[in-house]
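>>> fold the following.
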Amino acid sequence: MSPFTRVEGRAIPLGRPNVDTDVIIGAEHLKTIERSGLGRHAFGSIRAQAGNVFDDPAFARAPILIAGDNFGCGSSREHAAWALADLGVRAVIASSFSDIFSGNAFKNGILTVVLPQAAVDRLLSVAKELPLTVDLETMTVTSPLQDRFSFELDPFRRDCLLGGLDEIALTLASEAAIRAYELRTGI
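Numbering: from 1, shown residues only. Below you'll find the predicted structure:
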């Protein structure tokens, strides 16, 4: 996975609360184990509505999504994170996330930023016209209008995202110790 230090660009101002994984990617698209190609199906039920934010050319390939409270609730499907990543989303901002979704997003290199609802509301307003910056090194979300919101993140997750380390990379980093253990124990 590629390191995440900072992402700048337009942010999709979705803002809907309780968007579950069925809305992020419909069940009819869960028959694949391929991570690519799911982005075109992301938010299909929302995209079916005229005038939806996902069809607005201003937000095409936007690397940031601003969501509502309880984003990613529902089932534990990792396909939801795959669809977001394939859509080009590197960071999702909301006032809360489902724990399972947040874990799946992290494992796929997507930063979940938790901010107070007032900050989310402000960013939803700004994002309609201006880009945002999510900086993992400084743990801030900023706008050209001098908005600056700090966020917290588990230090382990922060280090993994900054280093581009997924579970395989973390395991491979311990290869020498694993090999020594196998030699010592005869495994």
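
>>> just the helices in the protein please.
Ranges of helices in the chain, per DSSP state H, are 21-24, 44-47, 79-87, 99-107, 117-127, 155-163, 167-173, 175-185.

>>> check these for me: which has the lowest mean pLDDT.
Looking at the helices of the chain, the lowest mean pLDDT belongs to helix 167-173 (a mean of 85).

>>> and that one, what's buried?
Buried residues in helix 167-173, counting neighbours by 16 or more other Cβ atoms under 10 Å, are absent. The C-beta positions use only the backbone N, C-alpha and C, and glycine is treated the same way.

>>> with stretch 54-66 instead?
For stretch 54-66, the neighbour count (16+ other Cβ under 10 Å) marks 54, 59, 62-66 as buried.

>>> what of stretch 67-76?
Quick answer for stretch 67-76 (16+ other Cβ under 10 Å): 67-75.

>>> most centrally placed residue in this protein?
The residue lying closest to the centre of the chain (Cα atoms, centre = their mean) is I110, at 3.4 Å.

>>> so it sits right up against L84, yeah?
Yes: between I110 and L84 there is a contact at 5.9 Å, judged by Cβ atoms under 8 Å.

>>> overlap in contacts, these two.
V92 (Cβ atoms under 8 Å, 6 or more residues apart in numbering).

>>> what sits against the residue nearest to E167 when sequence neighbours are not counted?
For E167, ignoring the flanking residues on the chain, the nearest one in space by Cβ to Cβ, 6 or more residues apart in numbering is K107 at 6.7 Å. With contact taken as Cβ under 8 Å, 6+ apart, K107 is in contact with 78, 81, 166-167.

>>> in those residues, find the pair that's most separated.
With Cβ to Cβ as the measure, no two of those lie farther apart than A81 and E167, at 13.5 Å.
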